[in-house]
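>>> Need the 3D shape of this:
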Amino acid sequence: MDAELTRRQILRGTAAGVGLAMTPGLATAAHAATAGEYDVVVVGAGAAGMTAALTAAKRGLSVVVLEKAPTFGGSAARSGAGIWIPNNPVLLAAGVPDTPAKAAQYLAAVVGPDVPAERQEAFLRNGPAMIAFVMANSPLRFRWMEGYSDYYPELPGGLPNGRSIEPDQFDGNLLGAELANLNPPYLATPAGMVVFSADYKWLNLAAVNAKGAAVAAACLARGTAAALAGQKPLTMGQSLAAGLRAGLLQANVPVLLNTPLLDLNVENGAVTGVLTPNGLVRARRGVIVGSGGFEHNAAMRAQYQRQPIGTAWTVGAKENTGDGHRAGQRAGAALDLMDDAWWGPAIPIPGDPYFCLAERTLPGGLIVNQAGKRFVNEAAPYSDVVHVMYDKNPAEPDIPAWLVVDQNYRNKYLFRDTLPLLPLPDAWYSAGAVYKASSIQALGSAIGVPPAALKSTVDRFNGFAWSGVDGDFRRGVSAYDHYYTDPLVLPNSCLAPLWAPPFYAFKIVPGDLGTKGGMRTDARARVLRPDGTVIPGLYAAGNASAAVMGHSYAGAGSTIGPAMTFGFVAGNDV
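The predicted structure follows:
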């Protein structure tokens, strides 16, 4: 029995306070108070859970969603809500030249042998149907993120112009009072503007690029139009979560907030419900677990993942503490990919860490380790950068690393939400997240990096910038490298020399969007035991399940796309 789920806790949580008959590794409710009975019980009101609930409800089944948090939306609501699903109807309507054969070839090349071919095929086959279903059964609409390249577009089947979509603008008024229960975004959009994920590429360049300025003006115009129409405009993860919740409202599916999973109810080897603080919620047909990852569980991270690790560097929803993982284990589930996460370089500023996307890719910056040396292509897919950090750290410390830029860079580009030319927040300096110095050597001394080595590295990098060829890490060779860059910088939009003092160093740590390890599932989203047999009545999707992407990351939205797809699969199979 898990130490964090004691008999006393369960007894205290049940409405009647009656006993639970415990068997090794399982929690069985012999006479627990019943808090409700439905065909399907869904755990988690994130993208996976709400998609699963909507799917099951539209089949005519009675469904309830149990959500631990006081809000709905989970990590999806906090996110940019890119959705990677090849051959979906939004892409095809936009004229994207995708085919099932291309998609299968690309995904197999990205994922490799880590994930069974049957699960890859199930994702590719069901993803387009899921998008069509969501659009038919909720107010959600989607847009192609044109130009946001697949992360490895040079692989067979890869698309340099991208396969990712994102939610279209959604009017929060459609949710009525329920809008107040929406989990807030990780990073709020500027007041008065309506901003899509695809806009951020250009907003970063608004001070130096005509298209960037035009996109900023368009974002403001959208915001003005929405205000004049009396709308409450939502985009990105806010739109996705709100749109799915609106679909559930239309389908009369209750979402019970502040209702955590204490354990799964198991009878005769089958999962038949969920134990909550209010009693047992019975499931006649099955339980679908979409409870998110374990990124905020320090003990689990220490147990399964490489050091240094903790809970301070993740931007996942704070309620994601692995409840579904541990309950699944007690019910006999196998776990896979527990060492991995949806990694990305992060800057540990006060409050939430900053998941660093454009800033490490824009020309005029480089990342160095504690020896003052570059060790990675800074513009590589963010998950790859952190994998390299961990792989190399034991031999030559790369954690923390440092993103080094100059004043020329700061004069041109947005940094998080700090406009060009404006000073960075004092709190960032006080927290040791950023340092500033008048010379490269002085900057090295400030961050504990050998000054001469740092100067030598910057000089070598500047030579690459002038020539346009990164002779060490090939930055700029992949089409993906150029997404968050400045097209006016030539000959390589990824590279510019550092020459204008003062110079800045931002601390870089291995952040994440959430963990990617979880319960092993089959192509029908059914949870499996270590011997490969199915646990009757138990399904999992999203970050409570082991990712179909394996240890890799096919493109923007490789978290949410499969989460929604396997929620859809589970909702159809249960």
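>>> Run the chain-centre distance for the helix or strand hosting Ala226.
Per DSSP states H and E: Ala226 is located in helix 210-228. In terms of CA atoms, centre = their mean, to the nearest Å, the centre of helix 210-228 is set 27 Å apart from its chain centre.
>>> what about the helices in the stretch 251-400 of the chain?
Assigned by DSSP state H, counting those that start in this stretch, the helices in the stretch 251-400 of the chain fall at 298-304, 323-330, 382-392.
>>> got those helices as TSV, with mean pLDDT columns?
TSV is the format used below for the helices of the stretch 251-400 of the chain (pLDDT from 0 to 100):
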stretch	mean pLDDT
helix 298-304	97
helix 323-330	98
helix 382-392	97
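>>> show me where pLDDT drops low in the stretch 201-350 of the chain?
The model of the stretch 201-350 of the chain has no residue with pLDDT under 70.
>>> before we move on, what SS does Leu54 have?
Of the three states, Leu54 takes helix under DSSP: H, G, I helix; E, B strand; the rest coil.
>>> What is the burial count for it?
27 (other CB atoms under 10 Å). For every residue, glycine as well, the C-beta is placed using N, CA and C.
>>> what stretches of the stretch 1-150 of the chain score poorly on pLDDT?
Confidence mapping of the stretch 1-150 of the chain against pLDDT under 70 gives the ranges 1-32.
>>> ok so, going back, between the helices of the stretch 251-400 of the chain, which gets nearest to Met193?
helix 382-392 (24.9 Å; CB to CB).
>>> Contacts for the helix or strand just after the closest one, please.
Once the chain leaves helix 382-392, the next helix or strand it forms, by DSSP H and E, is strand 401-406. In this structure, residues lying in contact with strand 401-406 by CB atoms under 8 Å, 6 or more residues apart in numbering are 345, 347, 356, 359-360, 364-370, 375, 378, 389, 440, 443, 447, 449, 454, 458, 498-509.
>>> Between helix 382-392 and the top strand by length along the chain, find me the angle.
Looking across the chain with DSSP state E, the single longest strand is strand 503-515. Comparing the axes of strand 503-515 and helix 382-392 via axes from the mean of the first three to the mean of the last three CA atoms, to 10 degrees yields an angle of 100 degrees.
>>> which helices and strands sit right next to whatever helix or strand comes next after strand 503-515?
Helices and strands here follow DSSP H and E; after strand 503-515, the next one along the chain is strand 518-519. When contacts are defined as 3 or more CB pairs under 8 Å, 6 or more residues apart in numbering; DSSP states H and E, strand 518-519 packs onto helix 323-330, strand 335-336.
>>> Check which helices and strands the first one is in contact with.
Helix 323-330 is packed against strand 263-267, strand 279-289, strand 335-336, strand 518-519, strand 534-540, with contacts defined by 3+ CB pairs under 8 Å, 6+ apart.
>>> which parts of that helix are buried?
With burial defined by 16 or more other CB atoms under 10 Å, the residues of helix 323-330 counted as buried are Asp323, Gly324, His325, Arg326, Ala327, Gly328, Arg330.
>>> Which of these sits closest to Gln305?
Taking CB to CB as the measure, His325 is the one of the buried residues of helix 323-330 closest to Gln305, at 13.1 Å.
>>> how about the closest one, what does it touch?
His325 makes contact with Phe294, Met300, Leu335, Gly517, Gly518, Met519, Ala544, according to CB under 8 Å, 6+ apart.
>>> before we move on, the earlier item: possible to save the helices and strands packed on helix 323-330 as JSON lines with distance to Val63 and mean neighbour count?
Below are those laid out as JSON lines (distance: least, CB to CB, whole Å; neighbours: other CB atoms under 10 Å):
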{"stretch": "strand 263-267", "distance to Val63": "17", "mean neighbour count": "24"}
{"stretch": "strand 279-289", "distance to Val63": "9", "mean neighbour count": "26"}
{"stretch": "strand 335-336", "distance to Val63": "26", "mean neighbour count": "19"}
{"stretch": "strand 518-519", "distance to Val63": "20", "mean neighbour count": "28"}
{"stretch": "strand 534-540", "distance to Val63": "13", "mean neighbour count": "24"}
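>>> Using JSON lines, please lay out those together with distance to Ala56.
Converted to JSON lines, the helices and strands packed on helix 323-330 look like this (distance: least, CB to CB, whole Å):
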{"stretch": "strand 263-267", "distance to Ala56": "18"}
{"stretch": "strand 279-289", "distance to Ala56": "8"}
{"stretch": "strand 335-336", "distance to Ala56": "25"}
{"stretch": "strand 518-519", "distance to Ala56": "19"}
{"stretch": "strand 534-540", "distance to Ala56": "10"}
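>>> Identify whichever of those strands lies nearest to Leu175.
strand 279-289 (22.9 Å).
>>> what angle sits between the closest one and helix 323-330?
Going by the same axes, to 10 degrees, strand 279-289 makes 90 degrees with helix 323-330.
>>> Paired strands for strand 279-289, with orientation please.
Applying DSSP bridges to the sheet, strand 279-289 is found paired with strand 34-43 (parallel), strand 270-276 (antiparallel), strand 534-540 (parallel).
>>> Show me what the strand or helix carrying Val111 is packed up against.
Element membership for Val111 (DSSP H and E) is helix 100-111. Under the contact criterion of 3+ CB pairs under 8 Å, 6+ apart, helix 100-111 touches helix 117-137.
>>> Remind me what the helix it packs on packs against, helices and strands.
Helix 117-137 sits against helix 47-58, helix 89-93, helix 100-111, helix 236-250, helix 560-573, with contacts defined as 3+ CB pairs under 8 Å, 6+ apart.
>>> Report all helices and strands that the helix or strand following that helix contacts.
Proceeding C-terminally, helix 117-137 gives way to strand 142-144 as the next helix or strand, assigned by DSSP H and E. Helices and strands touching strand 142-144, as assessed by 3+ CB pairs under 8 Å, 6+ apart, comprise helix 89-93, strand 164-167.
>>> Nearest to Lys318, out of those?
The closest of those to Lys318 is strand 164-167. By CB to CB, the value is 22.9 Å.
>>> Neighbouring strands of whatever helix or strand comes next after that closest one in the sheet, and parallel or not?
Following strand 164-167 in sequence order, the next helix or strand is strand 170-171 (DSSP H and E). Strand 170-171 has the following strand partners under DSSP bridges: strand 233-234 (antiparallel).
>>> And for the strand it pairs with, what's in contact with it?
With CB under 8 Å, 6+ apart, strand 233-234 has contacts from Gln169, Phe170, Asp171, Gly172, Val194, Arg222, Gly223, Ala226, Ala242.
>>> The fourth one: neighbour count?
Residues contacting Gly172 under the criterion other CB under 10 Å number 19.
>>> Alpha carbons only: can I get the helix holding Val111 in CSV?
C-alpha atoms of helix 100-111 as CSV (Å, rounded to 0.1, in the frame of the first residue of the first chain):
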residue,chain,number,x,y,z
PRO,A,100,-0.9,8.8,-44.3
ALA,A,101,2.2,7.2,-45.8
LYS,A,102,4.3,10.3,-45.1
ALA,A,103,3.0,10.6,-41.6
ALA,A,104,3.7,7.0,-40.8
GLN,A,105,7.2,7.1,-42.2
TYR,A,106,8.0,10.3,-40.3
LEU,A,107,6.6,9.1,-36.9
ALA,A,108,8.4,5.8,-37.2
ALA,A,109,11.7,7.6,-37.9
VAL,A,110,11.2,10.0,-34.9
VAL,A,111,10.0,7.4,-32.4
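>>> and it, how far out from the chain's middle?
For helix 100-111, the distance to the chain centre is 21 Å (CA atoms, centre = their mean).
>>> and the direction of that helix versus that of helix 117-137, what angle?
Going by the same axes, to 10 degrees, helix 100-111 is angled at 120 degrees with respect to helix 117-137.
>>> Please point out which parts of helix 100-111 sit buried.
By 16+ other CB under 10 Å, the buried positions in helix 100-111 come out as Lys102, Ala103, Ala104, Tyr106, Leu107, Ala108, Ala109, Val110, Val111.
>>> ok, so of those, who is nearest Pro397?
Using CB to CB, the buried residues of helix 100-111 come closest to Pro397 at Val110, 29.3 Å.
>>> Glu295 versus the closest one, what's the distance?
Val110 is 23 Å from Glu295, where distance means CB to CB, to the nearest Å.
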